[in-house]
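Enquirer: Starting from these lines, generate the structure:
(chains A, B, C and D)
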2 protein chains.
Amino acid sequence: MANIEAVAKQAGVSVASVSRVINGTAARADTEARVRKAIAELDYQPNSAARALKVRQSEQICLSFDDLANPAYIAMTRGVGRELSATKYRLILSSAFSSVEEIVKHLQTMGRGFADGLIISPIYSDERITKLIAVLQMPVVLVGTLPDGLDVDNVRVDSSAGIALAIEHLVETGRTKIGLINGPLNTKPGIRRKAAFEKAIKAAGFKFDKASVIQANTFSPEAGYFAFSEIDDFSKFDAFVCANDQLAAGAMKFASENGISIPGDIAIVGIDNTDMASLLHPTLTSVDLKAEERGEIAAQLMLDRLANPDRASKQITVEPKLVIRESTTKK
Amino acid sequence: MANIEAVAKQAGVSVASVSRVINGTAARADTEARVRKAIAELDYQPNSAARALKVRQSEQICLSFDDLANPAYIAMTRGVGRELSATKYRLILSSAFSSVEEIVKHLQTMGRGFADGLIISPIYSDERITKLIAVLQMPVVLVGTLPDGLDVDNVRVDSSAGIALAIEHLVETGRTKIGLINGPLNTKPGIRRKAAFEKAIKAAGFKFDKASVIQANTFSPEAGYFAFSEIDDFSKFDAFVCANDQLAAGAMKFASENGISIPGDIAIVGIDNTDMASLLHPTLTSVDLKAEERGEIAAQLMLDRLANPDRASKQITVEPKLVIRESTTKK
DNA sequence: GTCAGAACTGTAAACGATTACAGTTTGAGC
DNA sequence: GCTCAAACTGTAATCGTTTACAGTTCTGAC
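Expert: Numbering: from 1, shown residues only, chains lettered A, B, ... in the order given. Sure thing, here's the model as predicted:
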């Protein structure tokens, strides 16, 4: 309720003095004391919207992604948050709970006035998001593959190389009949992982068989479980790469319930190397796509851009790393 | 860059008309068309801070919790998000990445101007947060146990009853030497679970032994693993309740690595019934504390309060539910 | 064509802060 | 006590919207 004018009156000074006390500009000790007293008495808190309007800064950075349930994004958030916590910027999160439209509108409103910068990691391959980014008049850092024609700061991971690592490892450990449990094809990772898988299989000297790709319709454990349950003949396979750890966990659950030995009958490689990988039984070999590190880098790019609005945009690529555990090697 | 005045000039109308077109108040078709054209030509987006300042609403609700890595909070977020997505309110998340001070400051700034309401679920038992809530001049819904003297909307779960359910189940299935892997004692759940455990053990007719409580220093799998590794003599126990599923997962990992059979030697009950419970091996019996439902209810309380600022505060309690799986029963 | 009423539009005053700029006070040095 | 610079303070404009109010333009009935 109380505004700066009320505080000024209570303290017997001008609004300018109150503002200066709040913002730490020089003031006589006497003045400062009276202002602080008045602030305390009135429970005054400055209105951030008014401040943001005037100084054209909100000191907030918005991180936006599509799937809160996906641990990889949580890791990314951790990276961004850690990097930001030493600065004046606060992190706010925006995650879509229904449609792409919702997220576009959310970001648009946030854009002018409520956030100084946007770090976005879109999972869905959707025109509208690309268009939004192009139009948004604020610093944007995109995490993930940069859509054509968009020239913004970017950090990505070479996930194809990650899939190749997984395939090489499987081949080296003697697997020859390798399948892919892929994520949905309306997502960017879904599209890219399928292509990368085909390429890596061929590079390993096998011929690529369409039937070796099983499409899940989400990135969830349930989808992984269901994908495995649809396989009629497991003898056609001796290994699977799964598009993320959650799919892998679901598949492993089905295997354990149905007497399929892992890694005895089938080896499994997950992707993302999330915390769960080492908790599963057997522990899960997984390709670390460095989500947390990408988050850190994204935040650094953003801070750098905010300090230096006119520099050319930077594109940074992170290298994946294969973490070998029991699901491909035990005994 | 472009503001409403620029649009007005470009369209040859007054700023009031532009504002009306944007906000859907009546306008002649002709006027509307010209305004829309100008908006498109200038890539105009209204400044949210200015709007929020004028209308005294941000249409944002802030959800704040302390531990982003904890799946229970993610579930809660899902509940809040779903409930809010049909309304005009947007959800923004604030999670502390370092100190309590940081979160208090964050919420304070957010408070006046950037958010219309605050849903907060503090895990740390800290004076400063209680004080903040009391002072904050905006609707607050607190998820969790209400600190003394605070009269705000509240939704909580009877977690003591949950622990009692767990103990009863263990006793019924023949366990007699039950321990607790507790979370940190500077957190509210840590404090409450310990007390509830002692009470339930006594209610079951056993005498309570201090040594049966093992303190972990975080709610993470690593802490659970470490807690189990500290136990010198497993023959003293035939069951453990763990303060959350993550601790349970870590403990089970240690057990599996060290030839302790679960549930053969030791039965395990987790708390929260997170997604991971059904993916572990063996699957984990867990007390569902209904985090998602609590999120939904919190959002409903908030919406109701926003529509009806003067009503008395409501306190709602949710009942926990025990979900029995293999870690207490298999064979 | 007139007129009443409805429908629309423009002017200008807010909302609550920040900050040039000009004016006032303070204090040191003589 | 005077002078001068440094230190502080107050006035008022400004940020980009919304909206009450008054003024204007339509519309349709007569």
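Enquirer: Now the helix or strand where residue A:303 lies: average pLDDT?
Expert: Assigning secondary structure by DSSP states H and E places residue A:303 in helix A:291-307. Mean per-residue pLDDT for helix A:291-307: 97.
Enquirer: mind listing the helices for the stretch 201-331 of chain A?
Expert: A:221-229, A:245-257, A:291-307 (DSSP state H, counting those that start in this stretch).
Enquirer: Can I get the shortest one in CSV? Just the C-alpha atoms.
Expert: This means helix A:221-229. Extracted in CSV, the C-alpha atoms of helix A:221-229 (Å, rounded to 0.1, in the frame of the first residue of the first chain):
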residue,chain,number,x,y,z
PRO,A,221,9.6,-44.1,-18.6
GLU,A,222,6.1,-45.3,-19.4
ALA,A,223,6.8,-44.8,-23.1
GLY,A,224,10.0,-46.8,-22.8
TYR,A,225,8.2,-49.6,-21.1
PHE,A,226,5.5,-49.6,-23.8
ALA,A,227,8.1,-49.5,-26.6
PHE,A,228,9.7,-52.6,-25.2
SER,A,229,6.4,-54.3,-24.7
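Enquirer: touching chain B at all, it?
Expert: Yes: contact of helix A:221-229 with chain B is found when judged by CB under 8 Å from any CB of the partner chain, involving residue A:221. The way it works is simple: take the backbone N, C-alpha and C, and place the C-beta from them, glycine included.
Enquirer: What is that helix packed up against?
Expert: Applying 3 or more CB pairs under 8 Å, 6 or more residues apart in numbering or on different chains; DSSP states H and E, one finds that helix A:221-229 contacts strand A:178-182, helix A:245-257.
Enquirer: Residues touching the helix holding residue A:303, excluding its own?
Expert: A:61, A:72-73, A:75-84, A:87, A:89, A:116-117, A:119, A:139, A:141, A:143, A:153, A:155-157, A:272, A:311, A:314, A:316, A:318 (CB atoms under 8 Å, 6 or more residues apart in numbering or on different chains).
Enquirer: Just the ones of those in helices?
Expert: A:72-73, A:75-84 (DSSP state H).
Enquirer: filter the residues you listed down to the ones near chain B?
Expert: Of the residues in the ones in helices among the contacts of helix A:291-307, proximity to chain B by CB under 8 Å from any CB holds for A:77-78, A:81-82, A:84.
Enquirer: can you pick the most crowded of those residues?
Expert: Using other CB atoms under 10 Å in any protein chain shown as the neighbour criterion, residue A:77 leads these with 26 neighbours.
Enquirer: any idea how far that residue is from residue A:83?
Expert: Distance, residue A:77 to residue A:83, using CB to CB, to the nearest Å: 11 Å.
Enquirer: related to what we said a few turns ago, and the angle for the helix holding residue A:303 with helix A:71-84?
Expert: Helix A:291-307 and helix A:71-84 meet at an angle of 40 degrees, taking axes from the mean of the first three to the mean of the last three CA atoms, to 10 degrees as the criterion.
Enquirer: what comes up buried for helix A:291-307?
Expert: For helix A:291-307, a neighbour-count test (16 or more other CB atoms under 10 Å in any protein chain shown) marks A:291-303, A:305-306 as buried.
Enquirer: Likewise for stretch A:206-213?
Expert: Neighbour counts over stretch A:206-213 (16+ other CB under 10 Å) mark A:212-213 as buried.
Enquirer: Surely residue A:63 is in a strand?
Expert: Yes: looking at residue A:63 with DSSP: H, G, I helix; E, B strand; the rest coil, it is inside a strand.
Enquirer: tally of neighbours for it?
Expert: Here the number of neighbours of residue A:63 (other CB under 10 Å) works out to 29.
Enquirer: In which helix or strand does residue A:107 reside?
Expert: For residue A:107, the host element (DSSP H and E) is helix A:100-114.
Enquirer: wait, isn't residue A:254 in contact with residue A:228?
Expert: Yes: contact status for residue A:254 versus residue A:228: in contact at 3.9 Å, counting by CB atoms under 8 Å.
Enquirer: So those two - more neighbours on which side?
Expert: residue A:228 (26 against 18).
Enquirer: now the strands: where do they sit in the stretch 151-300 of chain A?
Expert: Assigned strands in the stretch 151-300 of chain A, in chain order: A:153-157, A:178-182, A:213-215, A:239-242, A:267-271, A:285-288 (criterion: DSSP state E, counting those that start in this stretch).
Enquirer: Between those strands, which one is closest to chain B.
Expert: strand A:267-271 (12.0 Å; CB to the nearest CB).
Enquirer: Between helix A:221-229 and that closest one, find me the angle.
Expert: Taking the same axes, to 10 degrees, one finds strand A:267-271 and helix A:221-229 inclined to each other by 150 degrees.
Enquirer: Sheet partners, orientation included, of strand A:267-271?
Expert: Note on strand A:267-271: by DSSP bridges, its sheet partners are strand A:239-242 (parallel), strand A:285-288 (parallel).
Enquirer: No further queries at this time; thank you.
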